[in-house]
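K.L.:
Next come a sequence and a model predicted from it.
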Amino acid sequence: MNDNQEILEQASAWRKAGKGVALATVVTTWGSSPRPVGSKLVVDEDGAFLGSVSGGCVEGAVIGEGQAAIKDKKPRLLSFGISNEQAWDVGLACGGKIQIFVEPVE
Amino acid sequence: MKLSYLERALAASRGGKPAAIATNLTSGLQALIEGSDFTGDLKVDEAITEGVRKALSEDRSTTVETDSGPVFVEVFNPPLRCFIVGAVHIAQPLARMAAALDYKVTVIDPRTAFATDARFPEIELSTEWPDEALQRLKPDKRSAIITLTHDPKLDDPALIEALKTTAFFIGALGSRKTHGARLKRLAEAGFGDNEVARIHGPVGLNIGAISPAEIAVSILGQVTSVLREDRLKQRDPA
C-alpha cells in the first residue's frame, strides 16, 4: 500500500468519526529537501497526524496550521527555508526550501 | 480537498488509468482530471490541460502558472511494474521488496512446482511461458523486467521479448561467464550490440551480496538508480 493510500484511509476514518481533518502537501522544493513534491501529511482537529512533509523539521508548524485551517475552513500556502522572510520559528536544517499547501478536507 | 477526489484519483491509477488533481494555490479551488474528463470548481483552462499532459508524461507533479495564479498539478500515474522471470528462491525476497517499493509485481514461471501461492503469498503469479506472459502483460517504459532462472530455455525468450519493449530496466541474473554466453546467443538471434547493452548483467549493484535477500537489495538498488537516473545526474553533473 502506498503512502497516499494510507493518508486517504486515515483521513476517511477521521471524517467518519466526526473529526475535522486537514491535508498538507509539499508543492514545491528548491535545493536539498527531505521529502519530494506530492508528499502528504494528514492532521485531525486534535493534532493527531500521519505522514510527513519534511524529515520532521517543520511538521510541528504544519500541524498547527492544519488545525487552524480546520477552524477557519481556509487553505494556506506555507513557505519554509533558510532565506524565508516570514518569521517562522522553524526551518530546514538541510538548507533547502519548501512550499506546503494546507487545506481543509471535505 | 474533497476526499472523493483523492479516492477517485488513487482508484483510477490503481486500475491502470492516469489521473491528476489540479489545485489553485491562491483560492484552493480544485479539479479532478481523468483522461479528457474533469470535475470540480476549478476552471480547467489550456495552461492547466497542457500542465497535466506534461506532468503525467514526465511522471512529476508540478506547479503551472495560470491567469488566476499558480496551480499545483498532482500526478496519479499507474504504479510502476516489475516482472520477475523465475519463481526461484531469490524471487521470494525480490518480489516482497519490490512490492514494498510500490511496484506492481508479477512473477512468471511455467514450472508450477516453483510458482505457487504458498511460496509467493499475495504476489501475482503467471505460469505462462515468459515470452507469452510478457506479450500479454505488455511492459512499458514504467516497467522493470528481471530474469532469475539461469536457464536459457526460460531466460532467453523473456529477454528477447523484453528487448522489444520500452522497459526502463532489463536485468539478468547469472555469472559473467553465463552472461557472456547469453549475449552471444542473443547476437545470434539477431540483436545488435546497442540492443543487448540494455541488459544489466549480471544484474545488481556490487555490494558483496550473499543471501537471497541481500541479492534482492542489490538488484532493487540498481533498478532504483536507473529509475532515478535524472536525479543522480542533477546532483552529480560530472
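P.N.:
Looks like it came in fine.
K.L.:
Which residue is the nearest non-sequential neighbour of the residue in chain A that chain B sits nearest to?
P.N.:
Distance from chain B to each residue of chain A (Cβ to the nearest Cβ) is smallest for residue A:75, at 3.5 Å. Every C-beta, even on glycine, is put in place using the N, C-alpha and C of the backbone. Leaving aside its sequence neighbours, residue A:75 sits nearest to residue B:28 (Cβ to Cβ, 6 or more residues apart in numbering or on different chains; 3.5 Å).
K.L.:
Show me the shaky parts of the chain.
P.N.:
If you meant another chain, say so; for now it's chain A. The model of chain A has pLDDT under 70 over residues A:1-2, A:82-95.
K.L.:
wrong one, I was asking about chain B
P.N.:
If you take pLDDT under 70 as the line, chain B has these spans: B:235-238.
K.L.:
would you list every one of the helices in it?
P.N.:
B:3-14, B:46-58, B:91-100, B:130-137, B:152-162, B:176-188, B:193-196, B:212-227, B:229-235 (DSSP state H).
K.L.:
how close does residue B:190 sit to residue B:176?
P.N.:
Using Cβ to Cβ, to the nearest Å, residue B:190 is found at 23 Å from residue B:176.
K.L.:
For residue A:10, grab the count of nearby residues.
P.N.:
Counted with other Cβ atoms under 10 Å in any protein chain shown, residues neighbouring residue A:10 total 18.
K.L.:
Contact partners for it?
P.N.:
A:42, A:50, A:51 (Cβ atoms under 8 Å, 6 or more residues apart in numbering or on different chains).
K.L.:
The first one: what's it in contact with?
P.N.:
Just to be clear, that refers to residue A:42. So residue A:42 contacts A:7, A:10, A:11, A:14, A:21, A:22, A:23, A:24, A:49, A:50, A:51, A:105 (Cβ under 8 Å, 6+ apart).
K.L.:
Go through those and say which is closest to residue B:207.
P.N.:
residue A:51 (30.4 Å; Cβ to Cβ).
K.L.:
Look up the closest residue to the closest one, ignoring the ones flanking it.
P.N.:
residue A:41 (4.1 Å).
K.L.:
Give me the secondary structure label for that neighbour.
P.N.:
strand (DSSP: H, G, I helix; E, B strand; the rest coil).
K.L.:
For it, name its beta-bridge partners.
P.N.:
residue A:24, residue A:51 (DSSP bridges).
K.L.:
Please report how far the closest residue to chain A within chain B lies from residue A:73.
P.N.:
For chain B and chain A, the shortest gap (Cβ to the nearest Cβ) falls at residue B:28, measuring 3.5 Å. Going from residue B:28 to residue A:73 by Cβ to Cβ gives 10 Å.
K.L.:
Neighbour count: those two, which is higher?
P.N.:
residue B:28 (20 against 12).
K.L.:
At the contact with chain A, which residues of chain B appear?
P.N.:
B:1-3, B:6-7, B:10, B:23, B:25-28, B:60-63, B:72, B:74-76, B:79, B:102 (Cβ under 8 Å from any Cβ of the partner chain).
K.L.:
before we move on, back to that, now the helices of chain B in JSON lines, with distance to residue B:36?
P.N.:
Listed next are those as JSON lines, based on distance: least, Cβ to Cβ, whole Å:
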{"stretch": "helix B:3-14", "distance to residue B:36": "13"}
{"stretch": "helix B:46-58", "distance to residue B:36": "9"}
{"stretch": "helix B:91-100", "distance to residue B:36": "32"}
{"stretch": "helix B:130-137", "distance to residue B:36": "26"}
{"stretch": "helix B:152-162", "distance to residue B:36": "32"}
{"stretch": "helix B:176-188", "distance to residue B:36": "41"}
{"stretch": "helix B:193-196", "distance to residue B:36": "36"}
{"stretch": "helix B:212-227", "distance to residue B:36": "29"}
{"stretch": "helix B:229-235", "distance to residue B:36": "29"}
